[in-house]
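Participant: make a model of this:
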Amino acid sequence: MTSTVATVARGVSLLFAGLFAGFLLAVLVLETSLRAFDASVYTQVRQVELDRLDALASATLLPALAATVVLVVAERGRGTCVTAGRSPTPRGRWPPRRRSRALPWPH
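Facilitator: Numbering: from 1, shown residues only. Coordinates of the predicted model:
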């Protein structure tokens, strides 16, 4: 069951983090494109941004953070590391990485 929770949490985390990154990129493009206009247009657009875009940022960032916390808790409960895909030995040390013998050149 934890594997299913971790899989869903990983997908939700990636989805909402990607949406948040896309949102930030869209704001960056909008800010860059507004530099060509005069101050009154820039001020009007900034007022609209401040009115609605904070809610959109919160709607994408908060679920991404919550899903990431659930993912970390689920993976720690299984005893695996989220980033490396390896788990520590019972003494708390990480096992050495195994080298592939199929590669013709030395490492």
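Participant: go through the longest helix along the chain and flag the buried ones.
Facilitator: In terms of residue count, the longest helix belonging to the chain (DSSP state H) is helix 39-78. Residues of helix 39-78 classed as buried: 60-61, 63-64, 67-68, 70-71, 74-75 (neighbour count, 16 or more other CB atoms under 10 Å). All C-beta spots, glycine's among them, are computed from the backbone N, C-alpha and C.
Participant: now tell me which of those residues the prediction trusts least.
Facilitator: Within the set of the buried residues of helix 39-78, pLDDT is lowest for Glu75 (80).
Participant: related to what we said a few turns ago, tabulate the buried residues of helix 39-78 in TSV, adding columns for distance to Thr32.
Facilitator: Below are the buried residues of helix 39-78 laid out as TSV (distance: CB to CB, whole Å):
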residue	distance to Thr32
Thr60	21
Leu61	22
Pro63	28
Ala64	25
Ala67	30
Thr68	29
Val70	35
Leu71	34
Ala74	39
Glu75	38
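Participant: please identify which pair of those lies farthest apart.
Facilitator: Comparing all pairs in these by CB to CB, the longest separation belongs to Thr60 and Glu75, at 22.7 Å.
Participant: what lies in contact with stretch 61-74?
Facilitator: Here stretch 61-74 makes contact (CB atoms under 8 Å, 6 or more residues apart in numbering) with 2, 5-6, 9-10, 12-13, 16-17, 19-20, 82.
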